[in-house]
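Colleague: sequence first, then the predicted structure, then my questions.
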Number of protein chains: 2
Amino acid sequence: MNFQNRKRLILQTLEQAGTADVHELALLLQTSDMTVRRDLVELAAQGLLYRTRGGAMRLDLAQNPVRFENKVAQRAEQKTYIARLAAETIQEGDILFMDCGSTVFQLCPFIRHKRIQVITNSLPVVAELISSSVTINLVGGEVDAGRQAIHGLMAERHIRLYQADRAFIGVDGVSVEHGLSANSEHEAGITLAMAQQAKQAYLLCDSSKLEQTSYLQFAPLSLVQTLITDQNAPTAQLAHYRTAGLTVVS
Amino acid sequence: MNFQNRKRLILQTLEQAGTADVHELALLLQTSDMTVRRDLVELAAQGLLYRTRGGAMRLDLAQNPVRFENKVAQRAEQKTYIARLAAETIQEGDILFMDCGSTVFQLCPFIRHKRIQVITNSLPVVAELISSSVTINLVGGEVDAGRQAIHGLMAERHIRLYQADRAFIGVDGVSVEHGLSANSEHEAGITLAMAQQAKQAYLLCDSSKLEQTSYLQFAPLSLVQTLITDQNAPTAQLAHYRTAGLTVVS
DNA sequence: TTGGATTTGTTTATTTTTGAACAAAACAAC
DNA sequence: GTTGTTTTGTTCAAAAATAAACAAATCCAA
């Protein structure tokens, strides 16, 4: 295998996949990482690709990556804490549901290097994971500009065609007595579907939402198996949730 | 075995395999590496093959493949021209399919103020239209990072659940004789589904793609009803498409 | 067949390419 | 900030490919 052949295969791979990493190319080309690196340097010098750390990228993708906004300013610290805990439960090879909550979004940095599959209705999650080792399945349906997410009948039907190991979901309020509540029917439908189609459903919920109810109470607490929250949650309150049958992590 | 015979066999081998290395050819020709090398130098001088270290390569493979960068940046003028024409056919209240081609993407600025519904598998289109008066329905399925689009079985099923007024689609090549062709099966499946589920299918295609064929020929010309192209297209060529039954706009 | 020219194969030296080792730099996590 | 990990660049030795030199074989014509 000489340089010309490798060049051809590298560009072809890149054209198809958009990105490629050094080691993956070395395997494909039956050569060493060092050689691939030298090739990439040469091809980048020729302006045929964009060199990234650990690999290369097609030029057009490096120039205008698709981005969606996500507002995570509030309670960012708690959300990160919760996301870290949630990430620890994930195994390599898992299939996950991730909904469009801002806490769930915080999972992204913790999973981008994992070899897992993520089914999501959140556009920011897609934007965040699109150039990572995660395989993404985007739920289809109506785009809700406000929430930067996909909702509606089709979305729920889409979700119900899949079966996942874990579902990570967020809500607008949760209470032992009244269960889970949301600000919109649409969101409730998605949350419900994801939780039901997963072996394990994890509710990611910062302490400010505990014992709060919101517009629509759409499911009993038993929809989820685990509650992950932050350390500001009163111990007594958490005990209630444990009594109700939930595994509580904080 | 004289030079003429070796020349014939070398070119034949190259035609079939694309590349060949010196030692492999020496074995085939029952001769020494040195002789093969001398032959290759001679043939390269005649412009019949591309000499590489360790062997030789067919000329067309040695050329740089078309870059996506060109696809977006170059021919921008033609694409805008085509998109403007396409936009004129759209009525208020329409339901449209838009695929992930770069020409189709150019439609966005012309439709963002319209009260229409767009069903698309293209993430850039979603990003562009998300804060506009257009209602967006995003096709669900596997996210293809390279093409910034959704592909796969689920995506096709999703599309087939809808019926639209118009489909705006792009291809990698079109010819009167061989119909539409694409660079990947995934893209072909999406294009096919969209065209079939729409009352009117418009092929948006700059003149450089007319009478070109690419990797996979996936549908006859009759899949679409209208061809929209730019003014560089030869009149005689367009006449062929009209004869084949298409409405041609340019 | 014999001499000369051409082509081919072998040996050797030179150049290019490659992979391994290791230090420097970049990045992520804390 | 710091630490630890990953990626990169550099240097160097080994391997591969090439070119050059020369000898052997082949061809052709008189």
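Modeller: Cool, the structure landed.
Colleague: next, the contact list for A:Thr135, please.
Modeller: Contacts of A:Thr135 were listed using C-beta atoms under 8 Å, 6 or more residues apart in numbering or on different chains, and they are A:116-118, B:142-143. Heads up, the C-betas are built off the backbone N, CA and C, glycines and all.
Colleague: change it to 6 Å
Modeller: Taking C-beta atoms under 6 Å, 6 or more residues apart in numbering or on different chains, we find A:Thr135 in contact with A:Gln117.
Colleague: check what pLDDT it gets.
Modeller: You'll see A:Thr135 listed with a pLDDT of 89.
Colleague: who does it bridge with?
Modeller: Beta-bridge partners recorded for A:Thr135 (DSSP bridges): A:Gln117.
Colleague: likewise for A:Leu204?
Modeller: With DSSP bridges as the rule, A:Leu204 is bridged to A:Ile228.
Colleague: count the neighbours of it for me.
Modeller: Residues near A:Leu204, counting by other C-beta atoms under 10 Å in any protein chain shown, number 27.
Colleague: swap in the one 4 residues further on?
Modeller: For A:Ser208, the count of nearby residues is 15 (other C-beta under 10 Å).
Colleague: quick check: chain neighbours aside, which residue is closest to it?
Modeller: A:Arg75 (6.8 Å; C-beta to C-beta, 6 or more residues apart in numbering or on different chains).
Colleague: and if you look at A:Thr191?
Modeller: A:Ile169 (5.0 Å).
Colleague: how close does that neighbour get to A:His178?
Modeller: To A:His178, A:Ile169 is 17 Å away according to C-beta to C-beta, to the nearest Å.
Colleague: looking at these two, which is more packed in?
Modeller: Neighbour count, other C-beta under 10 Å: between A:Ile169 and A:His178, A:Ile169 has more, with 27 against 16.
Colleague: assign a three-state SS to A:His23, would you?
Modeller: Of the three states, A:His23 takes helix under DSSP: H, G, I helix; E, B strand; the rest coil.
Colleague: where does chain A dip in pLDDT?
Modeller: A:62-73 (pLDDT under 70).
Colleague: residues in it within reach of DNA strand D, list them.
Modeller: A:21-22, A:33-34, A:37, A:41, A:51-55 (C-beta under 7 Å from any atom of the strand).
Colleague: touching DNA strand C at all, the longest helix seen in chain A?
Modeller: Ranked by residue count, the top helix of chain A under DSSP state H comes out as helix A:3-17. Yes - counting by C-beta under 7 Å from any atom of the strand, DNA strand C has neighbours in helix A:3-17: A:3, A:6.
Colleague: tell me the buried residues in that helix?
Modeller: A:4-8, A:10-11, A:13-15 (16 or more other C-beta atoms under 10 Å in any protein chain shown).
Colleague: show me what contacts A:Ala87?
Modeller: By C-beta under 6 Å, 6+ apart, A:Ala87 lies in contact with A:107, A:110.
Colleague: 10 Å instead?
Modeller: Going by C-beta atoms under 10 Å, 6 or more residues apart in numbering or on different chains, A:Ala87 touches A:106-111, A:114, A:168.
Colleague: which of the helices or strands spans it?
Modeller: helix A:76-88 (DSSP states H and E).
Colleague: one more: A:Thr31?
Modeller: Going by DSSP H and E, A:Thr31 is not in any helix or strand.
Colleague: and the one 3 residues further on, by the same measure?
Modeller: Here A:Met34 sits within helix A:33-45, counting by DSSP H and E.
Colleague: what is the burial count for A:Glu77?
Modeller: A:Glu77 has 10 neighbours, counted by other C-beta under 10 Å.
Colleague: sorry, back to before: separation between the residue nearest to A:Thr191 and DNA strand C?
Modeller: 23 Å (C-beta to the nearest atom of the strand, to the nearest Å).
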